[in-house]
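*Asks:* Take a look and give me a structure for this.
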Amino acid sequence: MLHLKIKYEFKLVLVFSFALLLLYAVDKYFTKIEIRKDCAQMSEAISLTERWFNDVGQMKKEKKISNDIRSDTKYNFLIGDEYTNITTTFGSLEAKELSANPEFAALLIKYLTNSNIDSTKTVGIILSGSFPSLSISCLAAIQTLNSKAIIFSSLGASMFGANQPGATWLDIENYLIKSSNLKYKSSLVTVGAEDDNGGGYGNDRPHNIGDHDAEKDLELRSAVHPGSFQELLRDALDGGREQHHGEARLEPEHDDH
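*Replies:* Next up, the predicted model:
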């Protein structure tokens, strides 16, 4: 009986050894390791994202804003509350934790450079307050490539997103522009939620999200604040923004007034 057991174990060792040799052979002779030309840009984008993440943490600290959740994520201060008076829809805490990873900026650099996006190109970006971490990573990637950008944003946020008064996406964007050298700002902002006009927030709210400081913020950035999705489309089709707000801006310095 002991002899059979030893023989069985010896066979397992042989199989395991063969598997290791096969893995080594595949890795050495059949795997091609290629250093991407945009590796330096990936690292730069990650570093910029980390700095901006921490700057948002500083902004919340200055405003004495904290969340009501428990999370072991390093950048858990980027996560909002479970529910506030400007929460639009249900959301997943796990998804928000996963998104608070600065390495998403490197992934975006890869996608952008694979699409031949560089400093000579203009990209269109739609940002949501539901995932502020991904929005920051995206802007860091674009700024690293020094591309031009036209940005649309929504103010509303789902659970655990940028749903804290004083720390909405517009608050974050404004802070990064003024304090952290963010070169881009939203050209068009909607309140989000149902029909893109704040619908579904509920009647028990102490105030409507449309009454947030958005009007003041939008005045500073000369962005369009449509009252509904229909108005948004009409403004886009009629070229209303160019008529009422001058040149469609790609970066902050492209402002004629």
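
*Asks:* From now on I want contacts and neighbour counts done on CA atoms only, so please keep to that.
*Replies:* Will do.

*Asks:* okay, and for the stretch 1-150 of the chain, where does confidence drop off?
*Replies:* Counting by pLDDT under 70, the stretch 1-150 of the chain contains low-confidence ranges at 1-8.

*Asks:* where do the strands sit along it?
*Replies:* Using DSSP state E, counting those that start in this stretch, the strands assigned to the stretch 1-150 of the chain run over residues 122-128, 148-154.

*Asks:* most packed of those?
*Replies:* Using mean count of other C-alpha atoms under 10 Å, the stretch among the strands of the stretch 1-150 of the chain with the largest mean neighbour count is strand 148-154, at a mean of 21.

*Asks:* got the angle for it vs strand 122-128?
*Replies:* Going by axes from the mean of the first three to the mean of the last three C-alpha atoms, to 10 degrees, strand 148-154 is angled at 20 degrees with respect to strand 122-128.

*Asks:* Please identify the pairing partners of strand 148-154 and their relative orientation?
*Replies:* strand 122-128 (parallel), strand 188-190 (parallel) (DSSP bridges).

*Asks:* Take these and lay them out in CSV including distance to Ala45.
*Replies:* Shown next, in CSV, are the strands paired with strand 148-154 (distance: least, C-alpha to C-alpha, whole Å):
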stretch, distance to Ala45
strand 122-128, 17
strand 188-190, 25
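
*Asks:* any low-confidence regions in the stretch 151-257 of the chain?
*Replies:* Low-confidence segments of the stretch 151-257 of the chain, defined by pLDDT under 70: 192-257.

*Asks:* Recalculate using a threshold of 50.
*Replies:* Along the stretch 151-257 of the chain, segments meeting pLDDT under 50 span 202-208, 210-211, 214-215, 218-229, 232-233, 236-237, 239-257.

*Asks:* now the nearest residue to Asn54 once chain neighbours are set aside: how far from Trp52?
*Replies:* Using C-alpha to C-alpha, 6 or more residues apart in numbering and skipping residues adjacent in sequence, the residue nearest Asn54 is Tyr75, 7.9 Å away. Distance from Tyr75 to Trp52, counting by C-alpha to C-alpha, to the nearest Å: 11 Å.

*Asks:* The two: who's more crowded?
*Replies:* Using other C-alpha atoms under 10 Å as the criterion, Tyr75 and Trp52 rank with Trp52 on top: 24 against 19.

*Asks:* Am I right that that one is in contact with Ser135?
*Replies:* No: in this structure, Trp52 is not within contact of Ser135 by C-alpha atoms under 8 Å, at 11.0 Å.

*Asks:* What segments of the protein are helices?
*Replies:* In the chain, the helices defined using DSSP state H lie at 2-25, 39-62, 93-99, 104-114, 132-145, 169-179, 214-221, 229-238, 240-245.

*Asks:* which secondary structure elements does the second one contact?
*Replies:* So that's helix 39-62. Helix 39-62 is packed against helix 104-114, helix 132-145, helix 169-179, with contacts defined by 3 or more C-alpha pairs under 8 Å, 6 or more residues apart in numbering; DSSP states H and E.

*Asks:* give me every residue that touches Glu173.
*Replies:* Contact partners of Glu173, counting by C-alpha atoms under 8 Å, 6 or more residues apart in numbering, are 182, 185.

*Asks:* Just give the closest residue to Thr144, not the sequence neighbours.
*Replies:* Thr144 sits nearest to Ala45 (C-alpha to C-alpha, 6+ apart), 5.8 Å away.

*Asks:* out of the strands paired with strand 148-154, which comes closest to Asn146?
*Replies:* Within those, the stretch nearest Asn146 is strand 122-128; the backing value is 9.7 Å (C-alpha to C-alpha).

*Asks:* Wait, Leu176 touches Asp55, no?
*Replies:* Yes: judged on C-alpha under 8 Å, Leu176 makes contact with Asp55 at a distance of 7.4 Å.
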